[in-house]
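*Asks:* Structure here, sequence nowhere to be found:
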């Protein structure tokens, strides 16, 4: 008997429907075709054990299974459940009446329990798009998939539940969650707050400007000055995710298998901090089985690179194009996958190998020329793409001993949100642009032209520091954000002056 069951394959951050055709005839052999990988081929043993363990008889017949479209590679163990349902239905142990109405995905354990899968959210979105009545997924993934409305999502824990459901012996209740309520409840819960930071007012101001305009930022200073401490708190002052941004971000984390069990939508901006030993593939994504990299996992959030010069130069250089285009394309001979990478880069580094160059109290012991050599581990084109370059100095004892809390993140966040609201109104008719950091040259000429005094100040800075054309654009973007924070419609010379002050590493005499 020929039976069709429906599953899905994840490509990039989207899914496509996989039709599983099963035919049972006389014989004893088992054939599985349609470009399955080793994990899919091994499903036979898991299915046999799961079916028998739950009191059902595995059919002793020739079984031919085709997974269409046959030219797309099927990867992973998530096809165990639809394959098992197809085999049992073809052997007339499951009623086939309702099979065409549901998409089914899940990994089987030997005892028949159903284990979690990757990509439940994009699979649910595809099921709704293609008009399926419902989706059956592991219980651990049900809240993630139930984010999609107008689709009945059932969470199951054992293969017996699925068999009895299709045989009308059991009633399954679809999972319903109030997505908006859960999403908005968790948006303002942060473990770290800027009120814990003592002193460093100029650096906190730089963080506020960076968060308000979505600008990349690098801190340079001695060990123990508070670089990592402040970087970990930047998420607490960034504007909350919109539902659309949360859906995009959750899809990426779902495909990568980074969702916590029982979670639904991500409600806070991601903060990723990879170690400096990370490889290029782990950072940008790809591999033999394509997966999103750290820059995509940080989409709509923050990628923090601590001790930037310690990263491999090759790793840092592959970031240049994604930082500019806000997406990464993984191209191979047989496929091409695009992952979004609209992130805010925050980096930190010591000024020299010993860490104490320009320290107000401790003496640098590095040999001549080593400071410049250390800084040159980061290429000029990459530094050009970092809008805000701020020097950080140690906090004096008097400020560290002050028991009064600093300005809380909630207050800073309100100012950031007001500035982002101004930008949202400014760019409402421009697709793909949501903040000042995303402006191109045409938009800069339209929205960020300074007054006459500001132009003179910028011209003087360009000559004195030998700035590039890209640095010129970055200064205008940052100045536009500073003007938005001040509630100014025009970019004034004072805004240009502050933006120039955030280009510390462009100064020719900085490294001696």
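*Replies:* Happy to help now that I have it. The structure presented is a predicted model; accordingly, all values stated were derived computationally and were not measured.
*Asks:* Tell me the strands beside the biggest strand by length in the chain, with direction?
*Replies:* Among the elements of the chain assigned as strand by DSSP state E, the one spanning the most residues is strand 14-25. Under the criterion DSSP bridges, strand 14-25 sits next to strand 2-11 (antiparallel), strand 62-68 (antiparallel) in its sheet.
*Asks:* Show me which parts of stretch 127-136 are buried, residue by residue.
*Replies:* Judged by neighbour count using 16 or more other CB atoms under 10 Å, the buried positions of stretch 127-136 are 127, 128, 132, 134, 135, 136. All C-beta spots, glycine's among them, are computed from the backbone N, C-alpha and C.
*Asks:* and the strands paired with strand 14-25 as JSON lines, adding mean pLDDT and distance to residue 90?
*Replies:* Supplementary listing: the strands paired with strand 14-25 in JSON lines, determined by pLDDT from 0 to 100; distance: least, CB to CB, whole Å:
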{"stretch": "strand 2-11", "mean pLDDT": "94", "distance to residue 90": "4"}
{"stretch": "strand 62-68", "mean pLDDT": "94", "distance to residue 90": "7"}
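*Asks:* ranking those strands by burial, who's on top?
*Replies:* Burial of the strands paired with strand 14-25 is given as mean neighbour count (mean count of other CB atoms under 10 Å); strand 2-11 ranks first at a mean of 22.
*Asks:* what comes into contact with that strand?
*Replies:* Judged by CB atoms under 8 Å, 6 or more residues apart in numbering, the contacts made with strand 2-11 from elsewhere in the structure are 15-23, 72, 74-75, 78-79, 82-83, 85-86, 89-90, 96, 99-100, 102-105, 118-119, 122-123, 126-127, 132, 255, 335, 337.
*Asks:* Which parts of the chain belong to which domain?
*Replies:* Using automatic domain parsing, the domain parsing of the chain gives 2-166, 189-506.
*Asks:* In the stretch 51-200 of the chain, mark out all the helices, start to finish.
*Replies:* For the stretch 51-200 of the chain, applying DSSP state H, counting those that start in this stretch gives helices covering 80-90, 120-129, 142-145, 159-166, 179-185.
*Asks:* and the angle from the longest one to strand 14-25?
*Replies:* Put simply, helix 80-90 runs at 30 degrees to strand 14-25, going by axes from the mean of the first three to the mean of the last three CA atoms, to 10 degrees.
*Asks:* What distance do you get for the nearest residue to residue 171 once chain neighbours are set aside to residue 104?
*Replies:* Nearest residue to residue 171, sequence neighbours excluded (CB to CB, 6 or more residues apart in numbering): residue 165, at 7.7 Å. Applying CB to CB, to the nearest Å, one obtains 10 Å for the distance of residue 165 from residue 104.
*Asks:* Identify the contacts common to these two.
*Replies:* Between them, residue 165 and residue 104 share the neighbouring residues residue 136, with contact defined by CB under 8 Å, 6+ apart.
*Asks:* So for these two, which sits in the more crowded spot?
*Replies:* residue 104 (28 against 20; other CB atoms under 10 Å).
*Asks:* May I ask you to confirm that the more buried one is in contact with residue 79?
*Replies:* No: with contact defined as CB atoms under 8 Å, residue 104 does not count as touching residue 79 (9.2 Å).
*Asks:* for this structure, which residue is closest to the average position?
*Replies:* Nearest to the mean C-alpha position of the chain, counting by CA atoms, centre = their mean, stands residue 297 at 2.5 Å.
*Asks:* What sits closest to that residue if chain neighbours are left out?
*Replies:* Once its chain neighbours are removed from consideration, residue 297 has its nearest residue in residue 272; the separation is 5.3 Å (CB to CB, 6+ apart).
*Asks:* Compute the number of surrounding residues for the one you found.
*Replies:* By other CB under 10 Å, 19 other residues sit near residue 272.
*Asks:* mind putting the strands paired with strand 14-25 in JSON lines, distance to residue 46 included?
*Replies:* As requested, the strands paired with strand 14-25 are arranged in JSON lines below (distance: least, CB to CB, whole Å):
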{"stretch": "strand 2-11", "distance to residue 46": "15"}
{"stretch": "strand 62-68", "distance to residue 46": "14"}
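*Asks:* hmm, back to that, from the buried residues of stretch 127-136, pick the one nearest residue 502.
*Replies:* residue 128 (45.4 Å; CB to CB).
*Asks:* List the contacts of the closest one.
*Replies:* If you count contacts by CB under 8 Å, 6+ apart, then residue 128 has 148, 149, 150, 151 around it.
*Asks:* got a pLDDT number for the last one?
*Replies:* At residue 151, the model reports a pLDDT of 93.
*Asks:* hang on, isn't it packed against residue 127?
*Replies:* Yes: checked against CB under 8 Å, the pair residue 151 and residue 127 is within contact range at 5.9 Å.
*Asks:* what do those two both touch?
*Replies:* Listed as contacting both residue 151 and residue 127 by CB under 8 Å, 6+ apart are 134, 135.
*Asks:* Specify the stretch among the helices of the stretch 51-200 of the chain that is closest to residue 225.
*Replies:* When the helices of the stretch 51-200 of the chain are ranked by distance to residue 225, counting by CB to CB, first place goes to helix 179-185 at 35.9 Å.
*Asks:* before we move on, back to that, for residue 499, find the nearest of the helices of the stretch 51-200 of the chain.
*Replies:* With respect to residue 499, and counting by CB to CB, the nearest of the helices of the stretch 51-200 of the chain is helix 179-185 at 34.2 Å.
*Asks:* what's the following helix or strand after the closest one?
*Replies:* helix 201-213 (DSSP states H and E).
*Asks:* got a list of what residue 137 touches?
*Replies:* Applying CB under 8 Å, 6+ apart, the residues contacting residue 137 are 105, 106, 117, 120, 123, 124, 145, 153, 154, 155, 156.
*Asks:* On the pLDDT front, check it for me.
*Replies:* Here the pLDDT value assigned to residue 137 is 96.
*Asks:* Return the distance of it relative to residue 119.
*Replies:* Taken as CB to CB, the spacing of residue 137 relative to residue 119 amounts to 10 Å.
*Asks:* Equivalent analysis for residue 101, please.
*Replies:* The span separating residue 101 from residue 119 equals 21 Å under the rule CB to CB.
*Asks:* Repeat that for residue 250.
*Replies:* Distance, residue 250 to residue 119, by CB to CB: 11 Å.
*Asks:* This completes my enquiry, with thanks.
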